[in-house]
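*Asks:* Have a look; sequence and predicted model below, questions after that.
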There are 4 protein chains.
Amino acid sequence: MLPTTPLTPPFALTRASHVVLGVRDLGRSRDFYRDVIGLVVTEETGSAVYLRGLEEAAHHSLVLMAAGDAPRALQVGFRVRTPDDLDRAERHLAAAGIEAQRVDVAHQGPTLRFRDGVGTHIELTASMDLADRRMQAYHEFRAGAPQRLDHFQVVTHDVQTATDFWAALGMRLSEYTARDGTDELWGTWMAVKGNTHDLVFTNGRGPRLHHFAYTVPDATALIHAADVAGSLGFGNEIDRGPGRHGISNALFLYLRDPDQHRVELFTTHYQFIDLEDQPIRWDVSDPRRAQLWGLPASARWFFEASEFPDEPVREPLMTATPATLEDYLAIH
Amino acid sequence: MLPTTPLTPPFALTRASHVVLGVRDLGRSRDFYRDVIGLVVTEETGSAVYLRGLEEAAHHSLVLMAAGDAPRALQVGFRVRTPDDLDRAERHLAAAGIEAQRVDVAHQGPTLRFRDGVGTHIELTASMDLADRRMQAYHEFRAGAPQRLDHFQVVTHDVQTATDFWAALGMRLSEYTARDGTDELWGTWMAVKGNTHDLVFTNGRGPRLHHFAYTVPDATALIHAADVAGSLGFGNEIDRGPGRHGISNALFLYLRDPDQHRVELFTTHYQFIDLEDQPIRWDVSDPRRAQLWGLPASARWFFEASEFPDEPVREPLMTATPATLEDYLAIH
Amino acid sequence: MLPTTPLTPPFALTRASHVVLGVRDLGRSRDFYRDVIGLVVTEETGSAVYLRGLEEAAHHSLVLMAAGDAPRALQVGFRVRTPDDLDRAERHLAAAGIEAQRVDVAHQGPTLRFRDGVGTHIELTASMDLADRRMQAYHEFRAGAPQRLDHFQVVTHDVQTATDFWAALGMRLSEYTARDGTDELWGTWMAVKGNTHDLVFTNGRGPRLHHFAYTVPDATALIHAADVAGSLGFGNEIDRGPGRHGISNALFLYLRDPDQHRVELFTTHYQFIDLEDQPIRWDVSDPRRAQLWGLPASARWFFEASEFPDEPVREPLMTATPATLEDYLAIH
Amino acid sequence: MLPTTPLTPPFALTRASHVVLGVRDLGRSRDFYRDVIGLVVTEETGSAVYLRGLEEAAHHSLVLMAAGDAPRALQVGFRVRTPDDLDRAERHLAAAGIEAQRVDVAHQGPTLRFRDGVGTHIELTASMDLADRRMQAYHEFRAGAPQRLDHFQVVTHDVQTATDFWAALGMRLSEYTARDGTDELWGTWMAVKGNTHDLVFTNGRGPRLHHFAYTVPDATALIHAADVAGSLGFGNEIDRGPGRHGISNALFLYLRDPDQHRVELFTTHYQFIDLEDQPIRWDVSDPRRAQLWGLPASARWFFEASEFPDEPVREPLMTATPATLEDYLAIH
């Protein structure tokens, strides 16, 4: 069933903002995101590394936290418009019976943490320390020259519940995958910042973070990222792409970091602002949904994702799995 | 003086939407925008041609109107969020003593026309007929493969007044040029849709439409647009670029249509959403403001622009002109 | 064993020139090569279609011949420098006991046909009708905008014999794959025109034409070719790529035509002119040989190829097969 | 008058190989070519810096020599095929009454120096120390990622004599500019390595080295080079481009080094191998000859070039000058 987004949400959510990852080896992960992906290191401490895309004026969009032997996805972060919106969010969550806590987070303004309707670990803030945009320091560009964090994809056991939860907070459905001939939701692409999506839910064992995504300037940057991954010894960590998604029209490349967290580099989403824009529907059995050309994704890409700490993973309510590369090769 | 944008504007302006041009020869102008620029023709009548970018789901972002021997810029169009916002706009303008009129415009919902604080002819609407996005019809891509209309630049005799007018309606200043060492505004870049700008004002004889701009996918598309312009005999109608603006970080190419209206193709603006993002200031004498490398713009680019019908053009209040290519060559 | 190329070959072979394919449906194949690949149609007759790349000044580099129900690779064509070189070639082959025949071929000068040392059907000519280079008709560029035919890859049961045959005619080894730790040849990349290769032999059931290859301008053109294949319904006919070969450094995309002949689009070979340049050696078990990043090629890519008419296919003398995508997925 | 190239030249010239520049400040020039252009430093001594393109397997294609206060173009280098070809060159020059001398040059095999028919300082060698190709060290790519030296352009007072001289050595004319309606040569593009040109002569005060040129992978690399020049403070040293030459079809960018020597980055020449390929003729008054779109070159680009030491500069025999940017702006 398609969700309803209120014209006037309870508070002003503005954009996907940052992700916090627990990693086993800070130095190794920093090297990966700086040299193979091309992010800028804003700051390092003994227990954390803060990174951002080249055009970002905020202190961080990726935080790596030392996490011993248990690499996990720690926080999926969004921005709200003002501190008042954070207060409104707090009241809204309380009214909805959702436990939330104010926390002090380095380099961020007041921050609220909670688990969304399907257990995703969420963090909201209205502000962050400023950093300078490096988008015109062209001589510092490396690898894919990622410009900014764009969106998250979360695997969930219950796409309908997850989607309804975020629609109520102001996210609009831009595209979705449904069981063939029905509106039984298999995957939902939801947007708040005016382009294709900020947050995606797909059906599976969850909650787990499937990936977070940075925009790159163009197809050439994407290929260069793949080449740099190859020349730095990370060629096998490309677990999908380059390819073109039917959904969202993204040209994509997916890489796995040293803890097997997955990061996407992509280019060319489209604008999604007008209220009259209708969500695009895809059958789950339509392979063009996931890939307009070339081979489908492997089981590794479909079924591996990062768990949240102490968050139980549940089996999906829906049993429908797109064909994997393994299925495809067995047929052809 | 920097303008103040209210947290809660009088109505919800959402984005630059469309431009209406008066042209002398409909067929010739249609050919130019379809073949040299690469826009999609949505519809043609005896007196008008409607075009849109490849990803646009709205009926038109460019309208060509037969205009006899007097080619003019006719309307600069913006979207508001809902029909209620159009009502609110009407009340706001009335309260401010600005004459506005409801008009019936083909393929648009209720539409409001008025002249802004400096005489620019403006059109607001909340909706438009839908069209299908052609962004995945890759075999139909031509020339620069323009994806969507992004912004307008208007020359005005009074940048301060123009800027204050639109700031009051919710536009935020992302970058600006000021007389050296002052905040006396020479040019202002104002945004509402979350990227660098929707509307630009620069100092000069005005009001005149300097250009409207479409995004292209990447630098390669921009170069291909120039090559296609060359091979179709429009090489001389490139009146600036390719080059890189300091302001906005756009890689740009400017072309003149058969009536000398100017269209920009560009790529890679940056995101501008957070309230804490500060506008970037440039001295008017700093050449990097306009061009990070290569030659400055010629007088033709600086001083030619499209007038609005029956709208008197006034001399600028400020006397400050950036160095032109002609100045530069005289020095070197 | 590495072959020896004489300083003064028996005649002056200059470059890979053209390929002739037997196809079941001329119109369908023409549409594929014109619309999905982007070649220029020079001429069509009732029984043949002649195509060329955008920069080519020769009448054809690809000839499609109506072939009823038996699509085959018909001819692999090379240029010699002058008609005298064709005479010299004729004498050389006769002296070597190889049967060759002069044939009349439309739009070509005197032409010599023979089977090389491993049964590949070869055609030599010194001249061809001229056509105009379309490389500056940018508005006619379609799909990958292929510029020129570059090379052929042939599967053979006996790479050593094939390699020695062509080395004796003046081809130099630029790169090769050998059984690990030996110089037992699994694949050889041979060049005569000054870049990486004109002719490749790889070990397998042969002789069969694995693919012929056109250069495209850049990575963006390659991605656009894939996108156009997708939007025209040929997405499944991409049987490998985009990816980056270790050997030759080509960024590649392989497509299958309606008869399952395989064509490669690629970009960025390197220069190979100096006599002191040494061939680069790769172990057959080294996956970077075939792909610097991402997934290996599927069995479909490795084992399917086009037979020559009435030419018996023999089992390879060497038993060594690189890991396929299927092998890779079974491990991972 | 068009030159005649013998089928069997006196010795085998193979390609443009290297250029030697005298510079005032070795460190500053090294930084420019490494950081702004993107060349690889092979070796540095107290008096020289040796650089090469990313794919080059030869020790150097650019040599910077400390030259006090007199920056000059020192040598324009070509390769011959074998040491025997160097002997043949020596005999041929002696027979033609041209003084040549064998010299010892670090990292080169036997080397012959002479002045060509119009006074250009030339160096021939058959071999050079080998270096490893860095084309797959993608993480080391900088700026335009130049792959290899491609050609030279020399200004000469007598294009006819220069052209005849090199045609006699085996260079073929691929394109030329002539006084309108005549074959009186204003500029000649001559090739030996199988693409558009290795050596260009244009009419003017000479002999002076106008520029040497490196290929870059694509348009995106060219734009990135311009951006890096801008961000490193060399934006004003782009003295032409980006633009598209009619002649040769090159997408070009010209930069001046700290001593005002000029280097071109370009992409997409075409293949020129077949003897039947005819040279393309352009009228000197045809602006498309030099630029398919956008503005013509400035006087700075046309009239500034690097002298050779102790080589008198002569006034051109022909009086015909293409329109400059200055002329163009005065008209428009």
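*Replies:* On my side now, so go ahead.
*Asks:* switch to C-alpha atoms for all contacts and neighbour counts from now on
*Replies:* Noted.
*Asks:* low-confidence ranges in the stretch 151-300 of chain A?
*Replies:* By pLDDT under 70, the stretch 151-300 of chain A contains no weakly predicted segment.
*Asks:* what does chain A put close to chain C?
*Replies:* Neighbours of chain C within chain A, by CA under 8 Å from any CA of the partner chain: A:219-220, A:223, A:226-227, A:229-231, A:234-244, A:292-295, A:298, A:300, A:326, A:329.
*Asks:* Now, these that are in strands?
*Replies:* A:238-244 (DSSP state E).
*Asks:* Quick check on the residues you listed: which are buried?
*Replies:* A:238-244 (16 or more other CA atoms under 10 Å in any protein chain shown).
*Asks:* and of those residues, the nearest to chain D?
*Replies:* The shortest gap between chain D and any of these belongs to A:Ile238, at 15.9 Å (CA to the nearest CA).
*Asks:* which residue packs closest to the closest one, ignoring adjacent ones?
*Replies:* Closest residue to A:Ile238 apart from its sequence neighbours, by CA to CA, 6 or more residues apart in numbering or on different chains: A:Leu255 at 4.3 Å.
*Asks:* what do you get for A:Arg256?
*Replies:* A:Arg262 (4.5 Å).
*Asks:* I'd say A:Ser174 and A:Leu199 touch.
*Replies:* No. Here A:Ser174 does not reach A:Leu199: they are 10.5 Å apart, not a contact under CA atoms under 8 Å.
*Asks:* overlap in contacts of those two?
*Replies:* Taking CA atoms under 8 Å, 6 or more residues apart in numbering or on different chains as the contact rule, the neighbours common to A:Ser174 and A:Leu199 are A:189-191.
*Asks:* Among these, which ones are in strands?
*Replies:* Among the shared contacts of A:Ser174 and A:Leu199, the members falling in strands (DSSP E) are A:189-191.
*Asks:* from the stretch 1-150 of chain A, which residue is nearest to chain B?
*Replies:* Counting by CA to the nearest CA, the stretch 1-150 of chain A gets nearest to chain B through A:Glu55 (6.5 Å).
*Asks:* Can you check the pLDDT for that residue?
*Replies:* On pLDDT, A:Glu55 comes in at 97.
*Asks:* ChimeraX command for the buried members of the residues of chain A next to chain C?
*Replies:* To isolate the buried members of those in ChimeraX, using 16+ other CA under 10 Å:
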select /A:219,220,223,226,227,229,230,231,234,235,236,237,238,239,240,241,242,243,244,292,293,294,295,298,326,329
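*Asks:* Quick check: the residue of the stretch 1-150 of chain A closest to chain B touching A:Gln147?
*Replies:* Yes. With contact defined as CA under 8 Å, A:Glu55 reaches A:Gln147; the gap is 5.1 Å.
*Asks:* Name the residue in these two with the higher neighbour count.
*Replies:* Comparing A:Glu55 with A:Gln147 by other CA atoms under 10 Å in any protein chain shown, the one with more neighbours is A:Gln147, at 26 against 23.
*Asks:* what's that one in contact with, if anything?
*Replies:* Residues counted as contacts of A:Gln147 (CA under 8 Å, 6+ apart) are A:53-56, A:135, A:214-217.
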